Structure formats: C-alpha cells, structure tokens
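K.L.:
coordinates only, sequence not included:
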Ligand SMILES: [Zn+2]
C-alpha cells in the first residue's frame, strides 16, 4: 500500500503549521487479524509483535477513509519503518505515503499526525522535542557532513525532531543544509566546526 519507505517529506517540516490530528497506540497483539479488529477509529494503531519482534504497525487511516493500513516494522522482511518511543510518545519514521485509495501522505510524530499535503482548516502546530545544538555539533565535528537520519541514529532521537532542530540551526547560521539531492544533509559553518 505504501511506496518505498524511504520517501520522506521534509518539506512538510519547513512550515510546521499543518492540519494535524492525533493517533493512539492501543494494543500490542500477536496476530494481524487481532490488530485489524482493534483499530476502530481513524488514527487507532496496533502493533503486531511476535517472538519479541515488532512485525507490523496496523492503523485505521487517520483521514477517515476507513482503510486499514499496515506498515512493515521488521527489517528482516524487507524495507522497514522505524518506531520510536521517546519521552512517552510514539513516532514513526519515515512518513506513510499512500499510493492508492485516499492517497494520504502523513507523518506520525510525537503523538500528532502531520499532513504532508493539503492545508487543513484546523491548522495546528506540532511541538518538536528540543535537541540541543551542542549534541548535534558533536556529531558534525566527527563526521563533518551528515544527514538528519544519521545524526538521529547517533543521538538515539527521532529523525523528525532532529530535522527540525537542524533546520532551526541552519536559519540561525550555525549549520548549512545541502541543496537539491543533498537536502536534509547538514554541516557546521566554519566558525562552529
Ligand atoms: Zn485514508
């Protein structure tokens, strides 16, 4: 149902004012059928977990179309999304980009659905977790240039939070973001490196 999982929509994070709603992780279950049964309302999610491994995230599409979505969480069975729990909040990376049905494209981030297309009437803002510039600069001193995903891996943080922090540092003249295909890749400006 979803395109290559490493499609991301960092452009959504340029403007943090977008239609948002919430999602709820309701249950950890052993089988897909149980997960699909438990997700009744838009934004309801359940995790299929077997043998101590999270296999799938099952979700009732948050746009209200009624579809039940399933995304792979198990890297052994192909390209996988990553689920994070930080400070009590669940996030998924990368985005969910539906290529059929309602064609919704959204991010699940710190308990909010961030829509990647279409401005809703109920605009709201997300509150990224603040990642300190010191932590990001330490990574960039070692690597010189790194994507926000690599930085997030090193810091054990959610990539969306790191992207917002890096973009804010770029606006403040501390970091520089690449352009074109290098979008999402950051380096420290000379005097901070
Ligand atoms: Zn939908």
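P.N.:
Received, thanks. Bear in mind that the values here come from a model prediction, so they are computed numbers and not experimental data. Numbers count the residues shown, from 1 in each chain.
K.L.:
Give me the next element, helix or strand, following the helix-or-strand element of the chain with minimal mean pLDDT.
P.N.:
Every helix and strand of the chain was ranked by mean pLDDT, DSSP states H and E. The lowest is strand 123-125, at a mean of 44. Next helix or strand after strand 123-125 toward the C-terminus (DSSP states H and E): helix 133-143.
K.L.:
what about that following helix, average pLDDT?
P.N.:
Per-region confidence: helix 133-143 scores 93 on mean pLDDT.
K.L.:
go on, stretch 150-160?
P.N.:
Stretch 150-160 comes out at a mean pLDDT of 95.
K.L.:
now do stretch 170-190
P.N.:
For stretch 170-190, the per-residue pLDDT averages 93.
K.L.:
can you check stretch 102-111 too?
P.N.:
Averaged over stretch 102-111, pLDDT sits at 91.
K.L.:
Give me the three-state assignment for residue 33.
P.N.:
Assigned by DSSP: H, G, I helix; E, B strand; the rest coil, the conformation of residue 33 is helix.
K.L.:
Relative to residue 70, how far out is it?
P.N.:
12 Å (C-beta to C-beta, to the nearest Å). Every C-beta, even on glycine, is put in place using the N, C-alpha and C of the backbone.
K.L.:
got it, and residue 52?
P.N.:
Note on residue 52: its distance to residue 70, by C-beta to C-beta, is 20 Å.
K.L.:
what's the answer for residue 51, then?
P.N.:
18 Å.
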